[in-house]
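Visitor: sequence? don't have it. structure:
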């Protein structure tokens, strides 16, 4: 195990246990494209991955990584907000959805996800998930951004119906400053 096992590794481990070839997956916050590419590697040529971001810089980074890895036939990349994912996929068809809340890695920290659109996207994503589908949330916060979003998301997921969802929240309790929060959501049958 690496000495700095982080939120990305936890999310990828979780996704690799739950995504199969031929699945439909969504990366709601494409960023630099790493989660999009990882999902493409899991779903293979028979699956598809939809990726979203509102920043043109993120879309270009994601497209370039997808091109480099040869996943152009698997990934569809959209310059659109994650709160609009229900325009691109049918309810009950998606195997896995991944979010990284916060800011674009290496980007401007004043451009960050917001509670209102993030919770709307989670809510729509839960409807898009098929039975036994999963959702991974990595919540990055700190500096001048993200604390309200973190609190709002944690409150929202804490109130998901017990009979329909299992929600597990993990914290890096021995890390300084504002370590990310890793969330796993399982949708029941």
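Guide: Cool, the structure landed. This one's a predicted model, so the numbers in the text were calculated from it and none came from an experiment. Residues are numbered from 1 along each chain as shown.

Visitor: alpha carbons only for contacts and neighbour counts from here, please
Guide: Fine.

Visitor: and stretch 21-34, average pLDDT?
Guide: Across stretch 21-34, pLDDT averages out at 96.

Visitor: Sort out which residues of stretch 132-140 are buried, please.
Guide: The neighbour-count check on stretch 132-140 (16 or more other CA atoms under 10 Å) flags 133-140 as buried.

Visitor: Doesn't residue 63 belong to a strand?
Guide: No. According to DSSP: H, G, I helix; E, B strand; the rest coil, residue 63 belongs to no strand; its state is helix.

Visitor: Check the gap between it and residue 167 for me.
Guide: 32 Å (CA to CA, to the nearest Å).

Visitor: Repeat that for residue 87.
Guide: Taking CA to CA, one finds residue 87 at 25 Å from residue 167.

Visitor: and the helix or strand harbouring residue 183, what other elements does it pack with?
Guide: Element membership for residue 183 (DSSP states H and E) is strand 181-187. Here strand 181-187 touches helix 7-18, strand 129-139, strand 165-171, going by 3 or more CA pairs under 8 Å, 6 or more residues apart in numbering; DSSP states H and E.

Visitor: Give me the residues contacting it.
Guide: With contacts defined as CA atoms under 8 Å, 6 or more residues apart in numbering, strand 181-187 is touched by 7, 10-11, 14, 126, 129-140, 164-172.

Visitor: Find the nearest non-adjacent residue to residue 55, please.
Guide: What sits nearest to residue 55 in space, not counting adjacent residues and going by CA to CA, 6 or more residues apart in numbering, is residue 79, at 7.0 Å.

Visitor: can you check residue 122 too?
Guide: Per CA to CA, 6+ apart, closest to residue 122 is residue 83, 7.9 Å.

Visitor: Tell me how many other residues crowd that neighbour.
Guide: A count of nearby residues for residue 83, using other CA atoms under 10 Å, gives 19.

Visitor: Verify the contact between it and residue 114 for me.
Guide: No. Counting by CA atoms under 8 Å, residue 83 does not reach residue 114; the two are 10.6 Å apart.

Visitor: Which stretches in the chain count as strands?
Guide: Assigned by DSSP state E, the strands in the chain fall at 24-27, 48-53, 75-79, 94-101, 129-139, 165-171, 181-187.
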